[in-house]
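Engineer: Fold the following for me, if possible:
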Amino acid sequence: MKNLFIFIVFILAFVFVFVRAANAQSVDDIINQYIAARGGIDKFNSITSITFEGTREMMGNEVQVKVTKVQGKLFRTDFEFGGNMGYTIITPDKGWSYIPMRSDKPDPIPTERLKSMQNELDIAGPLVDYKSKGYHAALLGKDTINGKECYKIQLTSADGKDAFYFIDSKTNLLLQSRQMVEGNGRNAGKEAKEITTNYSDYKDFGGVLFPQTIATEGSGMGGGSMTFDKIEVNIPVDEKLYQPSN
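Structural biologist: Predicted coordinates for the structure are as follows:
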């Protein structure tokens with residue numbers, strides 16, 4: 001009888017471990033589910049350029065915004081504020097920021113700040129095919145973001161910079177990201193601060209789900225919410241957009 005009891009306990013323990021192993025998900029499982037939920041790797045790879053048009057709530061004002069991306073080549077944000085036009089340009093080797101309320105000419109973006117922004121050149125984002133982009137990914141368990149259960153993923157770049165991504169455990173869509181960003185403009189040279197960005201209202205454009213609302217927490221020029229009512233994929237992009245115009 002004693003031997004039978006030990007045998008039963010052993011079997012139950014084995015089944016428990018087996019079930020946990022079967023249900024356990026790796027960081028690659030979570031990322032692959034995220035990619036599939038957005039539309040799949042083939043759809044991501046088919047997009048070479050994209051533009052977003054809409055408004056941004058910034059410092060209590062509504063600003064007209066247009067974001068242009070060319071895969072691996074250009075990330076540009078144009079905005080209109082109080083009749084003034086400004087922009088930020090990011091390319092693989094240079095970047096400029098022109099804010100007419102601050103300066104009468106474009107300011108070069110400092111190297112460290114530029115590096116932290118160059119992941120915007122990747123339309124698919126760093127999670128997609130992260131290994132070939134030089135990142136290391138780790139699953140840090142679960143967390144709760146805006147009342148929703150999420151998987152927390154740590155993505156570490158080749159130069160040791162960490163970013164954290166929170167993926168909804170039900171929809172497999174990205175809800176929030178957090179990363180340290182160097183200051184620019186008047187804040188150049190100051191200590192880096194954590195930037196928290198929330199993503200919502202996903203909609204299909206060109207076979208890929210993109211968030212129509214992107215909200216950056218905090219106050220000042222960097223904080224605010226962008227809502228896009230027009231998104232176009234694979235349209236021609238004027239070469240003039242790669243250079244500052246002032």
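Engineer: Show me what whatever helix or strand K43 lives in is packed against.
Structural biologist: Here K43 is covered by helix 41-46, with elements defined by DSSP states H and E. Under the contact criterion of 3 or more C-beta pairs under 8 Å, 6 or more residues apart in numbering; DSSP states H and E, helix 41-46 touches helix 27-38. Heads up, the C-betas are built off the backbone N, CA and C, glycines and all.
Engineer: try 6 Å
Structural biologist: With contacts taken as 3 or more C-beta pairs under 6 Å, 6 or more residues apart in numbering; DSSP states H and E, helix 41-46 sits against no other helix or strand.
Engineer: May I have the strands that pair with the very next helix or strand once past it, each with its orientation?
Structural biologist: Note on helix 41-46: by DSSP H and E, the next helix or strand toward the C-terminus is strand 49-58. Using DSSP bridges, strand 49-58 pairs in its sheet with strand 61-70 (antiparallel), strand 224-233 (antiparallel).
Engineer: ok, what's across the strand from D204?
Structural biologist: L209.
Engineer: Make a markdown table from the strands paired with strand 49-58 and add mean pLDDT, distance to A158 and mean neighbour count to it.
Structural biologist: Formatted as a markdown table, those follow (pLDDT from 0 to 100; distance: least, C-beta to C-beta, whole Å; neighbours: other C-beta atoms under 10 Å):
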| stretch | mean pLDDT | distance to A158 | mean neighbour count |
| --- | --- | --- | --- |
| strand 61-70 | 92 | 22 | 18 |
| strand 224-233 | 92 | 29 | 17 |
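Engineer: nearest to T144, of the ones you listed?
Structural biologist: Proximity to T144 (C-beta to C-beta) singles out strand 224-233 among the strands paired with strand 49-58, at 21.1 Å.
Engineer: In a markdown table: the strands paired with strand 49-58, plus distance to E112.
Structural biologist: Listed next are the strands paired with strand 49-58 as a markdown table, based on distance: least, C-beta to C-beta, whole Å:
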| stretch | distance to E112 |
| --- | --- |
| strand 61-70 | 22 |
| strand 224-233 | 23 |
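Engineer: To Y135, which of those lies closest?
Structural biologist: It is, among the strands paired with strand 49-58 and with distance given as C-beta to C-beta, strand 61-70, at 19.3 Å.
Engineer: Now find how far off-centre the closest one is within its chain.
Structural biologist: In this view, strand 61-70 has its centroid 16 Å away from the chain centroid, taken as C-alpha atoms, centre = their mean, to the nearest Å.
Engineer: all strands for this protein, in order.
Structural biologist: For the chain, the strands defined by DSSP state E occupy 49-58, 61-70, 74-81, 84-90, 95-98, 107-108, 136-145, 148-156, 162-168, 174-181, 193-205, 208-216, 224-233.
Engineer: can I get those strands in a markdown table with distance to G39?
Structural biologist: Shown next, in a markdown table, are the strands of the chain (distance: least, C-beta to C-beta, whole Å):
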| stretch | distance to G39 |
| --- | --- |
| strand 49-58 | 13 |
| strand 61-70 | 16 |
| strand 74-81 | 21 |
| strand 84-90 | 24 |
| strand 95-98 | 29 |
| strand 107-108 | 36 |
| strand 136-145 | 20 |
| strand 148-156 | 19 |
| strand 162-168 | 15 |
| strand 174-181 | 13 |
| strand 193-205 | 7 |
| strand 208-216 | 4 |
| strand 224-233 | 11 |
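Engineer: before we move on, the earlier item: in the helix holding K43, which residues are buried?
Structural biologist: If you call a residue buried by 16 or more other C-beta atoms under 10 Å, then helix 41-46 has these buried ones: 43-44.
Engineer: Output that helix as CSV, nothing but the C-alphas.
Structural biologist: This file holds the C-alpha atoms of helix 41-46, laid out as CSV (Å, rounded to 0.1, in the frame of the first residue of the first chain):
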residue,chain,number,x,y,z
ILE,A,41,5.9,38.8,-40.9
ASP,A,42,5.2,38.8,-44.7
LYS,A,43,2.8,41.7,-44.4
PHE,A,44,5.3,43.7,-42.3
ASN,A,45,8.0,43.0,-44.9
SER,A,46,5.7,44.2,-47.7
